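>>> sequence unknown, structure follows:
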């Protein structure tokens with residue numbers, strides 16, 4: 001499919017974006033990508049490229065479309081579904097979703113969509129949250 005020939009770092013960014021839904025804010029996505037070092041370290045042997053260039057490549061490949069200022073969406077639902085499935089296959093999937101959920105929770109006051117991202121990702125990672133207070137929160 002269309003994702004197979006795309007650079008690994010572009011796929012990684014889009015995998016993170018798949019955790020944010022069909023449309024996503026690039027400000028938060030950029031923070032995620034910059035913060036989640038364990039995710040970025042799996043770029044294999046390619047020279048890393050800047051985040052904005054990754055978005056340009058993904059848009060030129062027809063994987064995402066710009067909706068306006070810092071807002072993109074997947075061109076087709078199937079792209080998001082494939083990327084989400086690839087993320088689910090990773091050993092660190094729950095850890096990534098927990099980190100994404102916690103980061104979104106910390107930004108709820110900045111953007112109303114952060115509540116949605118926090119709830120979805122924290123619920124997805126509930127199996128690795130062992131502290132009862134964190135589960136309730």
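Perfect, I can see it now. The structure presented is a predicted model; accordingly, all values stated were derived computationally and were not measured.

>>> quick one, helices of this protein?
Under the criterion DSSP state H, helices of the chain are mapped to 8-18, 26-35, 37-40, 51-60, 77-88, 93-106, 113-124, 132-136.

>>> identify, out of those helices, the most deeply packed stretch.
Per residue and on average, the most neighbours among the helices of the chain fall to helix 8-18, with a mean of 22 (mean count of other CB atoms under 10 Å). Bear in mind the C-beta positions are built from the backbone N, C-alpha and C, glycine included.

>>> and the angle from it to helix 26-35?
Inter-element angle recorded for helix 8-18 and helix 26-35: 120 degrees (by axes from the mean of the first three to the mean of the last three CA atoms, to 10 degrees).

>>> hey, what's the angle from helix 8-18 to helix 77-88? Just curious.
Orientation of helix 8-18 against helix 77-88 (the same axes, to 10 degrees) gives an angle of 100 degrees.

>>> how much space between the closest residue to residue 29 other than its chain neighbours and residue 65?
Residue nearest to residue 29 in three dimensions, not counting chain neighbours: residue 17, with 5.5 Å by CB to CB, 6 or more residues apart in numbering. Between residue 17 and residue 65 the distance, using CB to CB, to the nearest Å, works out to 12 Å.

>>> give the residues shared as contacts by those two.
The overlap between the contact sets of residue 17 and residue 65 (CB atoms under 8 Å, 6 or more residues apart in numbering) consists of 72, 74.

>>> pretty sure the residue nearest to residue 29 is touching residue 87, no?
No: using CB atoms under 8 Å, residue 17 is not in contact with residue 87; the gap is 10.2 Å.

>>> tell me which of the helices of the chain approaches residue 71 most closely.
For those, proximity to residue 71 was assessed by CB to CB; helix 26-35 is nearest, at 7.3 Å.
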